[in-house]
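**Q** Dropping the sequence and predicted coords here.
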Amino acid sequence: MDKLRALRYFKRVVELNSFSAVAAEFSVPASSVSRRIKDLEASLGIELVKRTTRHVSITDLGQLYYQHIDEVLSKLTHADELLSQSMDNPSGTLKVSAPPGLAQALLVPLFRHFRLQFPNILLDLDYTNEYALFGQDSVDLAIRGGPVDDARLIARPLIRSGFTLWAQTRLADKLNTEFGTTRWSLDQLCHCPSIMFRSRSAPVPWWAQEGDDWLPVSINPVLISNDSTTLLDALAHGEGLLLAPDWLIPTHLKNEVTPVAQHLSLSPGKTHTVEINLVYQHAKYQLPNIKLSVDFICDYMSTHAVDMVKT
């Protein structure tokens with residue numbers, strides 16, 4: 001029995017809770033994964049995994065065994081990667097997770113330049129609104145907003161941007177005329193059609209700062225979506241107002257839309273700015289592919305996104 005391979009299969013079965021997902025990751029039949037784990041169980045004399053036709057669960061002893069092998073296997077993988085990679089000729093696969101809206105607005109040209117700089121690195125770009133789980137998902141880098149509270153992870157800031165309330169210019173003129181002012185009140189704002197982002201669980205609310213307090217804004221949504229292309233299309237066609245970070249609005253659309261109610265301090269998160277970070281595991285920064293990639297992305301964004309930074 002190849003015990004090391006069996007251990008790696010078992011580790012990923014625990015993390016993915018699926019024989020078929022592990023088989024796809026290692027490019028082997030699911031039966032091979034199952035057979036090697038059975039061999040591992042036989043050698044240990046314990047049951048690690050309970051199997052049914054529809055469900056996989058890890059036994060208590062299996063969970064305990066996983067906790068002991070997890071760090072050892074991770075260190076071994078890092079050691080293998082360290083020896084196989086070179087600063088002079090980086091190669092291999094780099095998997096990056098990022099939100100689709102950010103990808104469309106900023107990341108497409110970044111990764112085009114990355115491929116030119118490192119042609120032997122195969123980029124695997126996963127554009128998703130789901131947060132990557134380091135250690136479970138096979139991801140090397142993640143680009144995402146918000147704070148990072150895991151001590152095992154490093155967050156390098158890429159962009160710090162404010163929020164603006166946007167409207168198609170014709171809609172903005174119509175509302176300014178209707179209200180008789182460009183300085184809309186919160187009561188007037190709540191009667192305006194709005195376009196809302198959806199998070200993983202619910203529409204993202206709007207907040208207005210008054211003094212030291214943040215107050216919820218009552219709004220009138222006409223569209224809710226987690227897809228930025230859909231929201232920007234609705235904005236361009238005058239369907240409603242969109243509260244968005246400044247980097248989300250593409251250059252060509254800024255000729256068709258305009259900021260409105262700029263005297264109001266509005267935010268979807270009780271903060272004046274949103275910070276986009278490049279996140280990676282602290283232990284993996286010594287790997288040439290990770291170090292070169294992190295440094296390239298940070299340098300590129302500091303050069304090309306300087307106009308988006310709000311202080």
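**A** Now that the structure is in, tell me what you want to look at.

**Q** Could you use CA atoms for every contact and neighbour count after this?
**A** Will do.

**Q** May I have the strand of greatest length in the chain exported as CSV, CA atoms only?
**A** Ranked by residue count under DSSP state E, the longest strand found in the chain is strand 153-168. Taking Å, rounded to 0.1, in the frame of the first residue of the first chain, the C-alpha atoms of strand 153-168 are listed here in CSV:
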residue,chain,number,x,y,z
LEU,A,153,-3.5,34.1,6.9
ILE,A,154,-1.8,37.2,5.6
ALA,A,155,-3.9,40.0,4.1
ARG,A,156,-2.1,42.5,1.8
PRO,A,157,-4.2,45.6,0.9
LEU,A,158,-4.7,46.2,-2.8
ILE,A,159,-7.4,48.8,-3.0
ARG,A,160,-9.2,51.1,-0.5
SER,A,161,-12.2,52.7,-2.1
GLY,A,162,-15.2,54.7,-1.1
PHE,A,163,-18.9,54.3,-2.1
THR,A,164,-20.9,56.5,-4.4
LEU,A,165,-24.6,56.5,-5.2
TRP,A,166,-25.0,56.4,-9.0
ALA,A,167,-27.9,57.0,-11.4
GLN,A,168,-28.2,57.1,-15.1
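
**Q** what are the pairing partners of that strand, and which direction each?
**A** Paired strands of strand 153-168, with direction, are strand 241-245 (antiparallel), strand 257-259 (antiparallel), strand 273-281 (antiparallel) (DSSP bridges).

**Q** Please identify the most buried of those strands.
**A** The highest mean neighbour count among these, using mean count of other Cα atoms under 10 Å, belongs to strand 241-245: a mean of 23.

**Q** low-confidence ranges in the chain?
**A** By pLDDT under 70, the low-scoring segments of the chain are 1, 53-54, 78, 80-88, 305-311.

**Q** who does the helix or strand containing residue 111 touch, helix- and strand-wise?
**A** Assigned by DSSP states H and E, residue 111 belongs to helix 108-117. Judged by 3 or more Cα pairs under 8 Å, 6 or more residues apart in numbering; DSSP states H and E, the packing partners of helix 108-117 are helix 288-304.

**Q** how many neighbours does residue 169 have?
**A** Residues within reach of residue 169, counting by other Cα atoms under 10 Å, total 20.

**Q** Report the beta-bridge partner residues of the residue lying closest to it once chain neighbours are set aside.
**A** Distance criterion Cα to Cα, 6 or more residues apart in numbering; nearest residue to residue 169, sequence neighbours excluded, is residue 257 at 4.8 Å. Following DSSP bridges, residue 257 is listed with bridge partners residue 168.

**Q** residues contacting the nearest residue to residue 259 once chain neighbours are set aside?
**A** Excluding its sequence neighbours, the residue lying closest to residue 259 (Cα to Cα, 6+ apart) is residue 166, at 4.6 Å. Residues near residue 166 by Cα atoms under 8 Å, 6 or more residues apart in numbering: 235, 241-244, 257-260.
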